[in-house]
Structure formats: C-alpha cells, structure tokens
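Asks: with the input below, show me the fold.
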Amino acid sequence: MNRIGFIGVGNMGRAMASAIINGYDDQIVVYDQNKAACMQFSEDDYVLVASDLEELVRQAKYIVLSVKPQYYMEVCSAIKGCLTPEHVIITVAPGYSIKKMKELLNSSSKIIRTMPNTPALIASGVTAYTYYSEELTQEEIDRFLDYFNRFGQSIYVDEKLMAAVVAASGSSPAYAYMFIEAMADAAVSFGMPRDMAYEMSALAIKGACEMILKTKRHPGELKDAVTSPGGTTIQAVMALEESGFRNSVIQGMTACYNKANQMANN
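Replies: Below you'll find the model as predicted:
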C-alpha cells in the first residue's frame, strides 16, 4: 500500500491533495476535524475521506501533517499508537526538526521534513525536503517525490539549512507581494489603472524570475544589462539603494531566519 494521506485539508493541504489527485491512478486519503473542509472531496472517487485519524493511518503509508504547527503535538499524540514501522510521516511546518518529531512519535519513525510555499496552490511551488538517508529506502523517497513534484519542484537540503529555507522560499512570496504592491502603487500615482498596474508589475517580476532560471546568468549581470548609461533604470536603482533596498531585504530575511531558529529551539 503506497497511498498518501493528509491530516488537515486547509489551504495548503487542499492544494497539495488536489494536485496529487490529477493524473493519479490510486486513492488518496484525507481527514480534517472541520468536516466542511472534507466536503469538497466527498464526490471524488479518487479520495477516501477518513472518518477519524485511526482510519487515515490504517489506509495510508505516507502521512502528511498539513495542520497548523500549534496542532502538531495534539495530532502526534493521537496517531502515535496507530503507526507501524512502515509509515512515513511528512511534516510541512517550520520549527519541527526530525529529532523533535521522533520525540513526539517514536525513535523508529520515518520522517521526511519539508518546507513548501504557497505557490503550491497553483502548482508552482518549491519544496525543500530532508530526511535521514539510512532510514528510508530509495523507493520511498522516489514515491514521495512523485507526490510532491505534482505541485512544484522539490529540492533536497541539509536539515541545518531549513531555517534558511523558511526565509528564502517559505516566507519570501510575502516579500514579493509587497514589492509588487509597492510597484503598482507607484504606477497608480502616475495615472495607470489599478488592475493594469498589478498585472504589469506581476508579469515583469515573473519574467525577471524566468530570466534567472532559464539563462542561469547572475542576477547582477542581468540587472546591468537593463541599466543603460545615463538612463532611467540606473536612476531607479540609485534611488532604491539610497533608501536601503537591498539592506532592507537582507534584514527582513535575517529576522525571518532568526524566528525560524527560535521556533525550532522551543
């Protein structure tokens, strides 16, 4: 049995589950205390809505804890007695190391620690993952990747980098939204309609991101290619630097990184 189950089908859990269903030839299992959250799956033949946590654990080998971090202890306590050595627990919350999860479950539990981000909602997410290589087979990791790559790209990282991942990809969509919102506000002040300002700003940022990913060129090199001598772009760059643009980004990410480490140590 290689089924995957989701404990919690709020925004993130629902996005991941829905992406996996597409093109998948076996059932997935879902459970949520909020019965209304499960109703969206009630008529899908590829989804088994479990009546309780015990049924979900019995029906799935891979179990995604897609509940909010504050409920992890409660959920782990509830499923601990039902788990077998074959189960693979997949976490999606910051602050819960593999070691901490083993303390909440048991030392022999197979854990894959992940950090996805919200673009998973549109199958454009990036998920960092880590695990103890001696505890999981390659077949189990391949199956996990088959599931998680359905809503984006998965990248293996050393567990010590997980706090950095939170800052670099987990929380960073918020920074991008703030940047796009500020760009649009400025464009509106120049007379551009609000909807057009959001669309043009978002598309420009999307294109810039694709340039980095597809050309593999250094971001600074790509920036230099846009900044003609004595032109408009260099004036914008100078004004942004005067306002501490890059330093603000670094300080914000540092605050995020420190908070992630603090959560992990509590």
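Asks: residue 156 and residue 213, how far apart?
Replies: According to C-beta to C-beta, to the nearest Å, residue 156 and residue 213 sit 18 Å apart. Yep, even glycine has a C-beta here, placed from its N, CA and C like the rest.
Asks: go on, residue 107?
Replies: The value you get for residue 107 to residue 213, if C-beta to C-beta is used, is 40 Å.
Asks: residues of stretch 57-65 that come out buried?
Replies: Under the neighbour-count criterion of 16 or more other C-beta atoms under 10 Å, stretch 57-65 has 57, 59, 60, 61, 62, 63, 64, 65 buried.
Asks: gap between the most centrally placed residue in the chain and residue 19?
Replies: In the chain, the centroid-proximal residue (C-alpha atoms, centre = their mean) is residue 116; its distance is 1.5 Å. Residue 116 is 11 Å from residue 19, where distance means C-beta to C-beta.
Asks: now swap in residue 81 and tell me
Replies: 31 Å.
Asks: and those two? Which one has more around it.
Replies: Each of residue 81 and residue 19 has its neighbours counted (other C-beta atoms under 10 Å); residue 19 has more, 21 against 10.
Asks: who's in contact with the more buried one?
Replies: 120, 123, 150, 151 (C-beta atoms under 8 Å, 6 or more residues apart in numbering).
Asks: about what we covered before: neighbour count winner among residue 156 and residue 213?
Replies: For residue 156 versus residue 213, neighbours defined as other C-beta under 10 Å are more numerous around residue 156 (11 against 8).
Asks: if I read this right, the more buried one contacts residue 133, doesn't it?
Replies: No: assessed by C-beta atoms under 8 Å, residue 156 is found out of contact with residue 133, at 9.9 Å.
Asks: joint contacts of those two?
Replies: Common neighbours of residue 156 and residue 133 (C-beta under 8 Å, 6+ apart) do not exist.
Asks: could you check the pLDDT of the residue nearest to the centre of the chain?
Replies: As predicted, residue 116 sits at a pLDDT of 94.
Asks: show me what counts as buried in the helix or strand of the chain with the lowest mean pLDDT.
Replies: Confidence across the helices and strands of the chain bottoms out at helix 35-39, with a mean of 85, counting by mean pLDDT, DSSP states H and E. By neighbour count on 16+ other C-beta under 10 Å, the buried set for helix 35-39 is 37, 38.
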